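Chemist: Okay, predicted coordinates and the sequence, questions at the end:
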There are 2 protein chains.
Amino acid sequence: MRTSGPASGPSDTPDFRTAAHRLTDWIEAYRVRLTNLPVLPRVQPGDVEAVIPPRAPESPEDVESILADLDETIVPGLTHWNHPGFMAYFASSASDPGILAEFVTAALNVNAMLWRTSPAATELESRMVDWVRDFVGLPDVFQGVIQDTASTSTFVALVAARGRAVPGVRELGLAGRSELSGCTVYASRLAHSSLDKAAIAAGLGLVNVRHVDVDERYAMRADALHEALAQDRDDGKRPVMVCATVGTTSCTSCDPVAEIADVCSLHDVWLHVDAAYAGPAASLPELRPLFDGWERADSIVLNPHKWMSVPIDCSVLMGRNLDEFRSSLALTPEYLSSDTSASNLMDVGIALGRRFRGLKLGFVFRWYGAEGLREMLQRHCDLAREFAAEMAADARVEVAAPVPLSTVCFRAIPPAGHSEEDWNRRLLSAVNREGTIFLSHAELDGRFTIRLTIGSVHTERSHVEAAWECLTKALEHLQSDPATAR
Amino acid sequence: MRTSGPASGPSDTPDFRTAAHRLTDWIEAYRVRLTNLPVLPRVQPGDVEAVIPPRAPESPEDVESILADLDETIVPGLTHWNHPGFMAYFASSASDPGILAEFVTAALNVNAMLWRTSPAATELESRMVDWVRDFVGLPDVFQGVIQDTASTSTFVALVAARGRAVPGVRELGLAGRSELSGCTVYASRLAHSSLDKAAIAAGLGLVNVRHVDVDERYAMRADALHEALAQDRDDGKRPVMVCATVGTTSCTSCDPVAEIADVCSLHDVWLHVDAAYAGPAASLPELRPLFDGWERADSIVLNPHKWMSVPIDCSVLMGRNLDEFRSSLALTPEYLSSDTSASNLMDVGIALGRRFRGLKLGFVFRWYGAEGLREMLQRHCDLAREFAAEMAADARVEVAAPVPLSTVCFRAIPPAGHSEEDWNRRLLSAVNREGTIFLSHAELDGRFTIRLTIGSVHTERSHVEAAWECLTKALEHLQSDPATAR
């Protein structure tokens, strides 16, 4: 066995420092050439797998051959999330402090499942959630933990909400209880699919997810929510949770959280706020009104691994009363019992083991300062608005939804005789093939819509300008040969 | 905003290379001084949190001040999982290749939720699961994905099993269905608590978890399982899953998987095998018989972040038919639809976003080679057996359970008039206070039992010898002053 630590004696592998310097050079080189790579790789399903040996090597291989494969096989097969032209999905930034913190995290490699299995990891995590809460202007009553992703955070919140709505569910479950009819959850038609998945996983079932109607700004209609809740109560259903979204995935629309909170109070239902993407923008006074009422939520999810320059994974789940989360899920077998009353991260969530995720959040906050993060958020919103203004002034395209944050939804207007959907699919496909930028799509009112979203620490004005140029060129090409441009 | 990439222009933060070299030095220094630190930190709940400012800094801070806090606040508050004397819980190793791979992973920072959001990450993950499967001698029919932890893997398996046992559960859920009585799951009394937690989360309820009796070797009694299943069938219950454990947390006992598979076939119930800790040991021909029958499982969990030198988090979930997992959970909204039939990682699990975890598994396999990993596993098992033999020869202690793998359960035999539990609690507490090693405890047959487990790439013979010395010294001290040693 080759040994691994500097204290482990001689071996024929490079020492840690030499290897780390070699990797640092590799990372620097990757980041420099990144902008010359196509954002989307030019591979077909199976291409990468086909060149990886089917079995692990019996004997050790050297670092150079591992890095050569990284260059020859892996990088050409990656979608480059940190390419400044990646504007398809909500961004995730490999910021310097984020990368460096993950490096340290892997070296410490603690598992903060219990307070005592890493007091500092547990307490730093708790404190970093406080920093986030404070950064976005939420009151002290919110405490939280870090989960891997917003899907997990929402699922854990749903399990806690189910615990409140269905007495005894922890012990008795849901099946075979004659007093229970369906257990229902509510979200706007534009809410993220993670709520549907959570409803499946928690045993509530998809038929019990109510997709509430939206208004002309794609925001949930609080009156429609009220009606749905009243109807379900009349039908003997058990409402478990309402999920309000600030910054929907499709078009970053913002549900009227204060009105929704009123409805939740009236019907005594758990209010969860999904601000996975938009949350950090609450740090900008100008945008704070979009979040009005979220301080009345029972739970809130906000992902620093999206718009706060923290590498994936880092999803902050905050709750008004974490004990409700614990009582819905916690279990302590004898082999995990300890003689302290300190809180254990394992008690809020499904995963027992916990990475030391607070560290990267701390590195990022301190490296940039709160002011640096707000400047980035403001810059992204400004760039999105400027881009939307440019679109609005161009007769070939139209902005498809309001732009409250850093995401622009738009459509190209097809020449007479062409289907809108087909025209836009062709445009999107041409743009993504070209390689400079990567955009995605959504459906709004049944119409195919292209999305451009800005959120990476690496994205500057020049990249948004390049996106506009790439789009207009593709449009011109389409228009010059509308039949064959497919 | 300070920018982050080398392409982003000047800033007053250090360039990436300088900072990475500084962090490399810090990590090296940590690993050298690690063995002189107490394994368990000498802090009380709240100590760490008290010295972290309550709010994030407004302005950027420099790298040196971030590292100074790491030294002054974080490290003294950590439980050092990579201390070679950490023998309390199943180990997780910060191996060189694991740390270096996490460094690269953070720099690439891709999110492999969809095939197209990172083809290479998706396909490397799939291939690395093949390598693991092949390494442990499982047949090709098993395919898999990487989850964060075994708790999540087991939960996802339970949701898939529920999908098979309860038709329509995805759409209809569990509540309000008159045809359903309780949905039951089965595991030995010594199975990991993650199954109980999964049963809560999935809406089955704790009363529907059957803790099946064990034999004198702490292995599940297949006849007792059969009886429990037959009884539940008679009572109109719906059996969902049987979880067999190879390597229980308390004492690494191994359930008779082949016999259990027979019972599962007879009753047509999903068989899940929890080999989170022990799985890699199936690569040793001598130990393969412990796993007999696991090739008949519907799902298997095995954690490379335990005994395979991969940093946390890396849990491999394998299934005989991944489509059953997908059909139980998958959901594809328009904004995540893509024009390929390739498999998407998001479809097997709760989390949508996925870190590029295949990379560290690949680095570790190639750095050590399969032979290097087997040598480590063999060495750990040899050390555990030698330690147990030494204990067996000493009248002051007794080995409390068979030692099939790398974990030894034992008790000190108290002098007349002393309670066994009290005596052993005092011994454990004294040992853990001393700082050289960290051990944990479990309950076996209602008796307090001390556990010593070996599994870190950093643990060598000298550390196990030091553990024995530390234990015997603490025992001598206890015996010299049995009343006050508390």
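Modeler: Looks like it arrived, so ask away. Residues are numbered from 1 along each chain as shown, chains lettered A, B, ... in the order given.
Chemist: Run the contact check for stretch A:84-97 versus chain B.
Modeler: Yes - using CB under 8 Å from any CB of the partner chain, stretch A:84-97 reaches chain B at A:89, A:92-97. Every residue, glycine included, has its C-beta placed from N, CA and C.
Chemist: mind exporting that stretch as CSV, just the C-alpha atoms?
Modeler: Only the C-alpha atoms of stretch A:84-97 are listed here, as CSV (Å, rounded to 0.1, in the frame of the first residue of the first chain):
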residue,chain,number,x,y,z
PRO,A,84,-18.2,32.9,-18.3
GLY,A,85,-20.6,32.1,-21.2
PHE,A,86,-22.5,29.5,-19.1
MET,A,87,-25.9,31.2,-18.8
ALA,A,88,-28.2,28.2,-19.1
TYR,A,89,-29.0,27.2,-15.5
PHE,A,90,-28.6,29.2,-12.3
ALA,A,91,-24.8,29.5,-12.0
SER,A,92,-22.5,27.9,-9.6
SER,A,93,-19.1,29.6,-9.2
ALA,A,94,-15.8,28.0,-8.6
SER,A,95,-14.5,31.1,-6.9
ASP,A,96,-10.9,31.2,-5.6
PRO,A,97,-11.9,31.1,-1.9
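Chemist: and it, how far from the chain's centre?
Modeler: Between the centre of stretch A:84-97 and the centre of its chain there are 11 Å (CA atoms, centre = their mean, to the nearest Å).
Chemist: Likewise for stretch A:341-359?
Modeler: With CA atoms, centre = their mean, you get 20 Å for stretch A:341-359.
Chemist: now stretch A:422-437
Modeler: That offset, for stretch A:422-437, works out to 24 Å (CA atoms, centre = their mean).
Chemist: Can you list the buried residues in that stretch?
Modeler: By 16 or more other CB atoms under 10 Å in any protein chain shown, the buried positions in stretch A:422-437 come out as A:423-428, A:430-432, A:434-437.
Chemist: Mind putting those into JSON lines with secondary structure, distance to B:S194 and pLDDT?
Modeler: Listed next are the buried residues of stretch A:422-437 as JSON lines, based on DSSP: H, G, I helix; E, B strand; the rest coil; distance: CB to CB, whole Å; pLDDT from 0 to 100:
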{"residue": "A:W423", "secondary structure": "helix", "distance to B:S194": "51", "pLDDT": "96"}
{"residue": "A:N424", "secondary structure": "helix", "distance to B:S194": "46", "pLDDT": "97"}
{"residue": "A:R425", "secondary structure": "helix", "distance to B:S194": "44", "pLDDT": "97"}
{"residue": "A:R426", "secondary structure": "helix", "distance to B:S194": "49", "pLDDT": "96"}
{"residue": "A:L427", "secondary structure": "helix", "distance to B:S194": "48", "pLDDT": "97"}
{"residue": "A:L428", "secondary structure": "helix", "distance to B:S194": "43", "pLDDT": "97"}
{"residue": "A:A430", "secondary structure": "helix", "distance to B:S194": "48", "pLDDT": "96"}
{"residue": "A:V431", "secondary structure": "helix", "distance to B:S194": "45", "pLDDT": "96"}
{"residue": "A:N432", "secondary structure": "helix", "distance to B:S194": "41", "pLDDT": "96"}
{"residue": "A:E434", "secondary structure": "helix", "distance to B:S194": "47", "pLDDT": "94"}
{"residue": "A:G435", "secondary structure": "coil", "distance to B:S194": "44", "pLDDT": "93"}
{"residue": "A:T436", "secondary structure": "coil", "distance to B:S194": "46", "pLDDT": "94"}
{"residue": "A:I437", "secondary structure": "coil", "distance to B:S194": "43", "pLDDT": "95"}
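Chemist: sorry, back to before: just the buried residues of the residues of stretch A:84-97 next to chain B.
Modeler: A:89, A:92-97.
Chemist: Adding pLDDT and distance to A:S178, write those out as a markdown table.
Modeler: As requested, those are exported to a markdown table (pLDDT from 0 to 100; distance: CB to CB, whole Å):
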| residue | pLDDT | distance to A:S178 |
| --- | --- | --- |
| A:Y89 | 96 | 44 |
| A:S92 | 95 | 47 |
| A:S93 | 94 | 52 |
| A:A94 | 95 | 53 |
| A:S95 | 96 | 54 |
| A:D96 | 97 | 59 |
| A:P97 | 97 | 55 |
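Chemist: Dump those into a markdown table; add secondary structure and distance to A:D268 as well.
Modeler: Converted to a markdown table, these look like this (DSSP: H, G, I helix; E, B strand; the rest coil; distance: CB to CB, whole Å):
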| residue | secondary structure | distance to A:D268 |
| --- | --- | --- |
| A:Y89 | coil | 36 |
| A:S92 | coil | 37 |
| A:S93 | coil | 40 |
| A:A94 | coil | 44 |
| A:S95 | coil | 42 |
| A:D96 | helix | 47 |
| A:P97 | helix | 43 |
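Chemist: distance between the lowest-mean-pLDDT helix or strand in chain A and the chain's centre?
Modeler: Across the helices and strands of chain A, mean pLDDT, DSSP states H and E gives its lowest value to helix A:322-329, namely a mean of 93. Relative to its chain's centre, helix A:322-329 lies at 24 Å (CA atoms, centre = their mean).
Chemist: Does chain B have contacts with the next helix or strand after it?
Modeler: Going down the chain from helix A:322-329, the next helix or strand is helix A:358-392, by DSSP states H and E. Yes - Helix A:358-392 lies within reach of chain B by CB under 8 Å from any CB, at A:359, A:362-363, A:365-373, A:375-376, A:379.
Chemist: give me the element A:S429 is part of.
Modeler: Counting by DSSP H and E, A:S429 is part of helix A:420-434.
Chemist: Equivalent analysis for A:C251, please.
Modeler: Going by DSSP H and E, A:C251 is not in any helix or strand.
Chemist: now A:A50
Modeler: Here A:A50 is assigned to helix A:47-51, by DSSP H and E.
Chemist: which helices and strands does the next helix or strand after that helix pack with?
Modeler: Next along the chain after helix A:47-51, taking DSSP H and E as the criterion, comes helix A:63-69. The helices and strands touching helix A:63-69, judged by 3 or more CB pairs under 8 Å, 6 or more residues apart in numbering or on different chains; DSSP states H and E, are helix A:16-33, helix B:358-392.
Chemist: what's the most buried one of those?
Modeler: helix B:358-392 (a mean of 21; mean count of other CB atoms under 10 Å in any protein chain shown).
Chemist: Which elements pack onto it?
Modeler: Helix B:358-392 packs on helix A:63-69, helix B:96-108, helix B:119-135, helix B:304-307, strand B:397-399, strand B:407-412, strand B:447-453, helix B:461-480, going by 3+ CB pairs under 8 Å, 6+ apart.
Chemist: What is the neighbour count of the nearest residue to A:T248 once chain neighbours are set aside?
Modeler: Excluding the flanking residues, the one nearest A:T248 by CB to CB, 6 or more residues apart in numbering or on different chains is A:L190, at 4.1 Å. Here the number of neighbours of A:L190 (other CB atoms under 10 Å in any protein chain shown) works out to 25.
Chemist: Might one say that A:L190 is in contact with A:C251?
Modeler: Yes - using CB atoms under 8 Å, A:L190 is in contact with A:C251, at 7.0 Å.
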